[in-house]
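**Student:** Sharing a model that was predicted from the sequence below.
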Amino acid sequence: MTQDDLLIRRFNAGDTEALKAIYMQYKTDLMAVARALLNDQTLVEDVLHDVFVQFAGLSGRFKLKGALKAYLAICVANRARNMNRTGRPRATERLQPAGGQTSETPAQTASQAEQHQAISLALADLPDAQRQVIVLHVLGALRFREIAKTHKESIHTVQSRYRYGLKKLQSLLNGKVAHD
């Protein structure tokens, strides 16, 4: 039995500490998914809050089919897609690089910040379907099969969106991101 299985069992038994543990375990990854799809920190926090409130309501009857992280990432992506459909303007806030102390020089840090900003802006320019597949695959660590199943599309469609999205990202970033 995996750690996620144990957490789900405790969660279904009404253990609020299990819900907190799930939130703490996946919060950073789920925020990265939401941030890449929305580019607005306020909306990112709203999406994460909404997903976990809805998830908490499933206590006692949640059945996990697959990976918990994948399930939650799909929930975040769906909620973000719904927010995008409501016509809310998307800000151009940059993606936050992964945290942690590094021994990089200020010049390296500034260069990486510029690269993250360029990638974030380019992601915002992609069609929603392509952006969502890229974000779920790269940041959400979902397999194409999982993405296809949850979107009720063929795996070939999902792979094509990923491939075309990467190609468009490459053309958008051509000359904007310095190569090491």
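**Tutor:** That came in fine, so what should we check first? Being a predicted model, the structure only gives us computed values, none of them experimental.
**Student:** Could you export the lengthiest helix in the chain as CSV, CA atoms only?
**Tutor:** Across the chain, the longest stretch assigned as helix under DSSP state H is helix 16-38. Output of helix 16-38 as CSV, limited to C-alpha atoms (Å, rounded to 0.1, in the frame of the first residue of the first chain):
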residue,chain,number,x,y,z
THR,A,16,-8.5,16.1,8.9
GLU,A,17,-4.7,15.6,9.4
ALA,A,18,-4.7,13.4,6.3
LEU,A,19,-6.3,16.2,4.3
LYS,A,20,-3.7,18.6,5.6
ALA,A,21,-0.9,16.1,4.7
ILE,A,22,-2.2,15.7,1.2
TYR,A,23,-2.4,19.5,0.8
MET,A,24,1.2,20.0,2.1
GLN,A,25,2.5,17.2,0.0
TYR,A,26,1.1,18.4,-3.3
LYS,A,27,0.6,22.2,-2.8
THR,A,28,3.8,23.3,-4.5
ASP,A,29,3.3,21.1,-7.6
LEU,A,30,-0.4,22.1,-7.9
MET,A,31,0.4,25.8,-7.6
ALA,A,32,3.0,25.4,-10.4
VAL,A,33,0.3,23.9,-12.6
ALA,A,34,-2.2,26.6,-11.8
ARG,A,35,0.4,29.4,-12.2
ALA,A,36,1.4,28.2,-15.6
LEU,A,37,-2.2,28.0,-16.7
LEU,A,38,-3.4,31.3,-15.2
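**Student:** So which elements touch that helix?
**Tutor:** Packing partners of helix 16-38 (3 or more CB pairs under 8 Å, 6 or more residues apart in numbering; DSSP states H and E): helix 3-12, helix 41-56, helix 68-85, helix 128-138. No exception for glycine: its C-beta is placed from N, CA and C like everyone else's.
**Student:** residues in contact with that helix?
**Tutor:** For helix 16-38, the surrounding residues in contact (CB atoms under 8 Å, 6 or more residues apart in numbering) are 7-8, 10-11, 41, 43-45, 47-48, 51-52, 55-56, 59, 68-69, 72-73, 76-77, 79-81, 83-84, 90, 93, 95-96, 99, 120, 123, 131-132, 135-136, 139-141.
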